[in-house]
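Student: Okay, predicted coordinates and the sequence, questions at the end:
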Amino acid sequence: MLRYADPPTLLTNVFDDVEQVKELLESEAPYTPLGGWYNPGADPHSRTRPMWFQNDWVHDVYAAKGSELFLNNPTYIKSAQEFYDAEIIEPHSVYVNMMAAIVDGGPAHTDNPRFHGRERGNTPMWLLRAMLWSDLFDEYEIVQATAIWWLNDVEGGGIYFWPNGPDNPPQHHVGDMANTALVGDNHGMFHQVGPVGPFDKGTILVTPSAQLNPVGNGEWVVTDHDEEIYKASLDQYRVSVLWKANVFKNHEEREQKSANPLTMSEVINIFNADLEERNIGFHLASNNIEDAETISTISAIYAEAKPINALKSVFETIRQ
Ligand SMILES: [Fe+2]
């Protein structure tokens with residue numbers, strides 16, 4: 001079963017010294033637009049992206065200097081242990097979002113799942129998501145804890161989340177967000193970024209080549225093909241830092257799960273057994289896994305839920 005998570009834990013006054021985070025933000029510039037997967041192959045000169053910039057501070061093969069502030073944060077680790085009633089929390093990723101002037105919401109979504117043996121490096125994302133929504137692979141899932149921390153209070157910039165499942169109205173964390181964090185299960189719980197101000201110029205769009213950089217005195221500038229598009233002080237950007245960790249109840253569970261990585265042929269066999277049981281005359285095979293028909297068929301059978309009362313996503317607006 002997909003976990004419809006408990007409400008996330010709110011942490012306040014997370015860091016004694018927020019200046020350290022600001023230094024880290026500057027040293028890891030530039031920040032680049034999110035959203036390539038919504039319109040792959042888009043014209044690099046057309047303005048198809050909102051001012052939603054991102055960067056990775058920690059991933060598989062990189063850790064920014066100073067990022068241990070987030071990665072090994074003892075408060076996050078303790079909160080995640082309590083949230084999941086689990087002993088082992090293995091932090092693995094830290095990434096940053098910087099946003100401004102987006103009048104619609106972000107997409108309402110659950111975060112991408114991970115399974116032992118299957119992740120985005122070796123398995124198409126649509127298939128990983130179908131695996132999640134099928135409930136057929138729960139014993140292989142690597143449970144993920146998430147913390148989201150906010151630097152500033154900006155106009156708007158809240159987060160909606162659906163702790164009671166997608167069929168019940170969301171809650172909203174907005175106002176007094178500076179130096180707070182929510183720790184919980186963003187893989188089991190739908191969530192959505194609310195509109196981000198300033199709102200007086202509508203949603204400002206940039207090309208995929210745009211960059212956000214600090215220019216001194218706490219000012220940050222968006223440049224796009226050498227043109228200055230937007231300039232504001234850091235405290236007017238919605239800055240959030242995300243942290244993710246693997247969760248295991250204990251060492252035994254970790255060892256047992258790690259010893260059984262899923263192969264692609266096992267994934268295919270498990271889906272096919274279920275399709276047969278449902279009397280669906282479609283079978284997955286290693287040579288049809290990339291076909292458009294396969295993707296639409298499997299994604300429709302193991303469909304994702306749609307959370308109620310979600311705001312329209314800015315990425316839908318742009319596509320229209
Ligand atoms: Fe998310």
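Tutor: On my side now, so go ahead. Quick caveat, the model's predicted, so the values are computed rather than measured.
Student: What are the phi and psi values at the closest residue to the ion within the stretch 101-250 of the chain?
Tutor: When distances are taken as C-beta to the ion, the stretch 101-250 of the chain reaches nearest to the ion at D111, 4.4 Å away. For the C-beta atoms, the positions are set from N, CA and C on the backbone; glycine is no exception. Phi and psi for D111, reported as degrees, to the nearest 10, are phi -70, psi 160.
Student: How many neighbouring residues does it have?
Tutor: A count of neighbours around D111, defined by other C-beta atoms under 10 Å, yields 17.
Student: what's the answer for the one 10 residues further on, then?
Tutor: By the other C-beta under 10 Å criterion, the neighbourhood of G121 contains 6 residues.
Student: State the distance from it to L128.
Tutor: Between G121 and L128 the distance, using C-beta to C-beta, to the nearest Å, works out to 11 Å.
Student: Report the contact partners of the residue of the stretch 101-250 of the chain closest to the ion.
Tutor: Residues counted as contacts of D111 (C-beta atoms under 8 Å, 6 or more residues apart in numbering) are Q144, T146, N186, H187, K244.
Student: so the fourth one sits right up against D138, yeah?
Tutor: Yep, that's H187 we're talking about. No - H187 lies out of contact with D138 (C-beta atoms under 8 Å); the separation is 12.0 Å.
Student: does any bit of stretch 239-247 sit next to the ion?
Tutor: No - using C-beta under 5 Å from the ion, we find that stretch 239-247 stays clear of the ion, coming within 7.6 Å at best.
Student: Make sure D167 is indeed in a helix.
Tutor: No - D167 sits outside any helix when classified using DSSP: H, G, I helix; E, B strand; the rest coil, being coil.
Student: in the sheet, who's paired with the closest residue to E90 other than its chain neighbours?
Tutor: Distances taken as C-beta to C-beta, 6 or more residues apart in numbering put N246 closest to E90, at 4.2 Å, once the chain neighbours are dropped. Beta-bridge partners recorded for N246 (DSSP bridges): E90, Q144.
Student: which of H187 and D138 has more neighbours?
Tutor: H187 (21 against 14).
Student: got the contact list for the more buried one?
Tutor: R3, T110, D111, N112, P113, L132, V143, Q144, T146.
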